[in-house]
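Trainee: my questions are about this predicted structure, shown below with the sequence.
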Amino acid sequence: MGNRTTVREFTLEGFPAVQHLGKVLFSVHLLAYLASMAGNAVIVSITCASARLQTPMYLLLSTFSFLECCFTSAVIPKLLVIFLLGRQKISFAACFVQAFVFVFVGATGFFLIAVMSLDRYMAICMPLHYPTIISLRTCSFLITASLAVGFTLIMGLIVKVSRLSFCGPHVIPHFFCDLGSLIHLSCSNTRSTEMLTFGLALLVLFTSLLITITAYSNIAVTIMRLPSAKERQKAFSTCSSHLAVLSLIYGSCIFIYVKPKQASRLDSNREAALVNTVVTPLLNPVIYTLRNKQCAKH
């Protein structure tokens with residue numbers, strides 16, 4: 001039938017059940033957003049300014065913090081506008097730009113989490129080989145590769161979704177342009193697009209999750225061999241904090257994206273996405289900096 005798109009803008013539904021609390025929710029989310037941006041920006045600034053922190057570990061941390069700033073900035077400012085002013089309209093082009101930035105940065109972040117897990121594995125389990133294998137050049141290459149792979153995978157998906165026909169309705173039951181919601185609104189045959197989205201979600205999430213689990217399993221074995229009970233307790237306490245944040249990230253994203261059918265779970269996505277875009281970026285600066293030095297010693 002070809003592309004029959006007649007929709008020129010979408011309406012973001014946001015959180016209609018609590019919209020009457022818009023000003024209160026605006027204040028809460030604005031404070032959380034500013035705290036998240038400030039925490040991650042401090043990490044990036046200190047890492048760039050201090051010669052002592054020009055190490056692979058802190059290069060990865062600062063890159064991850066920069067991605068977190070981009071990730072939360074892709075969606076939270078529009079949510080704040082919805083809460084404060086009730087402006088729910090977003091243009092067709094802006095919607096797909098938002099969707100691309102959100103998914104691209106998110107996918108790259110998962111690849112980077114896997115790289116960070118490998119970095120910790122090498123530092124804790126193979127400390128003698130760590131300086132020769134994990135260098136700034138190696139980390140820069142892995143970061144660039146993560147960005148390139150994420151861009152390639154997500155750009156193809158976004159282009160495919162943007163070529164679907166959108167002839168109404170135009171209300172997105174979310175607070176940002178979620179790909180699943182957009183696919184559900186299309187009046188085209190979306191089976192192949194849904195399967196592609198499902199397949200890419202599996203590839204990104206479970207590849208990085210497998211690497212992370214393998215790395216931390218080996219770290220746990222190494223920690224168990226530490227001679228001092230106090231050292232073991234301290235190391236487990238520190239690394240468990242990292243795993244708690246990873247559980248939030250992976251859990252919410254698996255709940256949102258790893259389902260082949262989109263229509264049956266749109267309403268439940270908003271709460272999980274809010275955790276992913278507000279809570280975890282707020283916690284990450286604390287977890288990955290204040291605790292990281294202690295974890296690295298073990």
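Mentor: Arrived safely.
Trainee: make it CA atoms for all contacts and neighbour counts henceforth
Mentor: Will do.
Trainee: helices and strands around the helix or strand Thr144 falls within, which ones?
Mentor: Using DSSP states H and E, Thr144 maps to helix 136-162. The contact analysis (3 or more Cα pairs under 8 Å, 6 or more residues apart in numbering; DSSP states H and E) places helix 136-162 against helix 56-73, helix 92-125, helix 179-185, helix 191-224.
Trainee: now for the third one, which elements pack on it?
Mentor: Helices and strands in packing contact with helix 179-185 are listed as helix 136-162, strand 171-172, helix 191-224; criterion 3+ Cα pairs under 8 Å, 6+ apart.
Trainee: can you check what angle separates the last one from helix 136-162?
Mentor: Which is helix 191-224. Calculated by axes from the mean of the first three to the mean of the last three Cα atoms, to 10 degrees, helix 191-224 forms an angle of 150 degrees with helix 136-162.
Trainee: which parts of helix 191-224 are buried?
Mentor: Across helix 191-224, burial judged by 16 or more other Cα atoms under 10 Å covers 193-194, 196-198, 200-202, 204-206, 208-209, 211-212, 214-216, 219-220, 222-224.
Trainee: ok, stretch 73-81 next?
Mentor: In stretch 73-81, counting by 16+ other Cα under 10 Å, buried: 73-76, 78-80.
Trainee: give me the contact list for that stretch.
Mentor: For stretch 73-81, contacts defined as Cα atoms under 8 Å, 6 or more residues apart in numbering pick out 14, 26, 29-30, 33, 87-88, 98, 101-102, 175-176, 277-278.
Trainee: before we move on, what about stretch 133-144?
Mentor: Applying Cα under 8 Å, 6+ apart, the contact partners of stretch 133-144 are 55-56, 59-60, 112, 115, 119, 122.
Trainee: which among the residues you listed gets closest to Phe166?
Mentor: Leu112 (34.3 Å; Cα to Cα).
Trainee: the closest one against Ser65, yeah?
Mentor: No: counting by Cα atoms under 8 Å, Ser65 is not a contact partner of Leu112; they are 10.7 Å apart.
Trainee: which residues sit in contact with Leu147?
Mentor: Here Leu147 is in contact with Thr108 (criterion: Cα under 8 Å, 6+ apart).
Trainee: how about 10 Å then?
Mentor: 104-105, 107-109, 111-112, 141 (Cα atoms under 10 Å, 6 or more residues apart in numbering).
Trainee: what about burial for these, which qualify?
Mentor: Neighbour-count burial (16+ other Cα under 10 Å) applied to the contacts of Leu147 gives 104-105, 107-109, 111-112.
Trainee: gap between Ala273 and His184?
Mentor: Distance of Ala273 to His184, computed by Cα to Cα, to the nearest Å: 17 Å.
Trainee: same deal with Ser45?
Mentor: With distances taken as Cα to Cα, Ser45 is found 41 Å from His184.
Trainee: out of the two, which sits in the more crowded spot?
Mentor: His184 (18 against 12; other Cα atoms under 10 Å).
Trainee: my read: the more buried one touches Thr190, true?
Mentor: Yes: with contact defined as Cα atoms under 10 Å, His184 and Thr190 form a contacting pair (7.9 Å).
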